[in-house]
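*Asks:* Next comes the sequence, and after it the predicted model I'd like to discuss.
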Protein chains: 2
Amino acid sequence: MGKLRYSTSMSLDGFVAGANQGIDNPLGVGGERLHAWMRELALWRREAGLDGGVVNESTRVLEEEDDGIAAIIMGRNMFGGGPGPWHEPIWSGWWGPNPPFHLPVFVLTHHARDTLECEGGTTFTFVTDGIETAKALAIAAAQGGDVAISGGASVAKQYLAAGLIDEIVIHLVPTLLARGIRLFDDPQNAVDTYDQVSVTEAPGVTHLKYQLVH
Amino acid sequence: MGKLRYSTSMSLDGFVAGANQGIDNPLGVGGERLHAWMRELALWRREAGLDGGVVNESTRVLEEEDDGIAAIIMGRNMFGGGPGPWHEPIWSGWWGPNPPFHLPVFVLTHHARDTLECEGGTTFTFVTDGIETAKALAIAAAQGGDVAISGGASVAKQYLAAGLIDEIVIHLVPTLLARGIRLFDDPQNAVDTYDQVSVTEAPGVTHLKYQLVH
């Protein structure tokens, strides 16, 4: 317990998002191919308000992904509101009055603001002094539970390069994006080897779970 | 039958060799970590003239790798003899009079020379007009069997980018090399998606078999 965990879909050539990411194209060019395996699942479709879908080996992997998570870290871009200082009317996230997290959420930003309390138990705390502080605050808030990094890729990359992620799940998709954002491209990685915990083959994807070697 | 196949160890960050590859350091910096899973195997140790070793899920994967291979393609660096034109005394490979291939081998080079016939059934044919010709010659020589690309990485990368490899096996090792030669880094990939054929979890490695989508 008290682990920092990160899960992401990744292409065979190492990209977690395609090129030209933006508001209108949040996954970047070709990025939707990274998530095709997920959109087939009844579990995912139900959460998205859709009927149908399948149950397969990926279902259990996705269920485990949420299991035991008691706090969340995200980057400023994922929280939204544009770059730079906060301005009126102050942005309160993409998710409306009752965000789907129902947990303490720590938002990494360079621009301080007060904690935002929402319906349904979600609180957004804005952290301006870096990834180690955000990890410490989130671990404390999780009270023995685990902390998930929910994105975006740049935040996850910083945590990975610093060797601060205890458990990574990579949903490896046999597609080549050729351009975009690579998860692992920091020549200063603090970690050089992970332990392989489990491998799950599923339609269109292989789920690879690794943990930090201590 | 008649497929072009390639197998390689790859780090989690996508490298098939470390930085500063050379005669004295053929795998590059950190590259030995890519092959640790293989060096443990009794199968590998026996071929290297060593005792001991284990039998595990990787043993079958390695056995399958050789199964049905009836011709080989390799790059000039793997054949050796230095860059540039051939000169006297003419280089005849690293392997002595009886090379361990016992098959027709096609060597990609810019410098023509006559076919070299060795003991034990190995012949080296030097191909100067590119990867498609080498594939066609090797497929013909294989007479219905498959063709293996045995390396190096730059040859494999050219075939991959051109969409000419029918089956790829990646031995994915949970290590980060941070620098070196990436298998997939060509933004002009002719292929954007492979079919996932099989996944095998083994100690310290996951074997991922993919085939070209036709």
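*Replies:* That came through fine.

*Asks:* interface residues of chain A facing chain B?
*Replies:* Neighbours of chain B within chain A, by Cβ under 8 Å from any Cβ of the partner chain: A:12-14, A:30, A:33, A:170, A:172, A:174-179, A:182, A:184-189, A:191-196, A:198-199, A:201, A:204-206, A:208, A:210. All C-beta spots, glycine's among them, are computed from the backbone N, C-alpha and C.

*Asks:* Show me those residues that map onto strands.
*Replies:* Counting by DSSP state E, the residues of chain A next to chain B place A:170, A:172, A:182, A:194-196, A:198-199, A:201, A:205-206, A:208, A:210 in strands.

*Asks:* pLDDT (mean, whole number) over the longest helix seen in chain A?
*Replies:* Once chain A is assigned using DSSP state H, the helix that runs over the most residues is helix A:131-142. Mean pLDDT, helix A:131-142: 98.

*Asks:* Just the buried residues out of the residues of chain A next to chain B, in ChimeraX syntax.
*Replies:* Only the buried entries of those go into this ChimeraX selection, using 16 or more other Cβ atoms under 10 Å in any protein chain shown:
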select /A:12,13,14,30,33,170,172,174,175,176,177,178,179,182,184,186,189,192,193,194,196,199,201,204,205,206,208,210
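
*Asks:* in stretch A:35-52, what counts as buried?
*Replies:* A:Trp37, A:Met38, A:Glu40, A:Leu41, A:Leu43, A:Trp44, A:Arg45.

*Asks:* Inside helices: which ones of those residues?
*Replies:* Going by DSSP H, the helices hold A:Trp37, A:Met38, A:Leu43, A:Trp44, A:Arg45 from the buried residues of stretch A:35-52.

*Asks:* For the residues you listed, give me TSV that also has distance to A:Asp146 and pLDDT.
*Replies:* Shown next, in TSV, are those (distance: Cβ to Cβ, whole Å; pLDDT from 0 to 100):
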residue	distance to A:Asp146	pLDDT
A:Trp37	23	97
A:Met38	21	96
A:Leu43	20	96
A:Trp44	21	94
A:Arg45	26	95
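
*Asks:* thinking again about what came up before, determine the set of other helices and strands touching the longest helix of chain A.
*Replies:* For helix A:131-142, the elements it packs on are strand A:4-11, strand A:69-75, strand A:104-108, strand A:123-127, strand A:146-151, helix A:153-161, judged by 3 or more Cβ pairs under 8 Å, 6 or more residues apart in numbering or on different chains; DSSP states H and E.

*Asks:* now with 7 Å?
*Replies:* With contacts taken as 3 or more Cβ pairs under 7 Å, 6 or more residues apart in numbering or on different chains; DSSP states H and E, helix A:131-142 sits against strand A:69-75, strand A:104-108, strand A:123-127.

*Asks:* Could you pull up the residues touching the residue nearest to A:His171 when sequence neighbours are not counted?
*Replies:* The shortest distance from A:His171 to any residue other than its chain neighbours is 4.3 Å, reached at A:Ser9 (Cβ to Cβ, 6 or more residues apart in numbering or on different chains). If you count contacts by Cβ atoms under 7 Å, 6 or more residues apart in numbering or on different chains, A:Ser9 has them with A:Val16, A:Leu34, A:His35, A:His171, A:Val173.

*Asks:* For ChimeraX, what selects the buried ones among those residues?
*Replies:* Burial among these is assessed by 16+ other Cβ under 10 Å; the matching ChimeraX selection reads:
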select /A:16,34,171,173
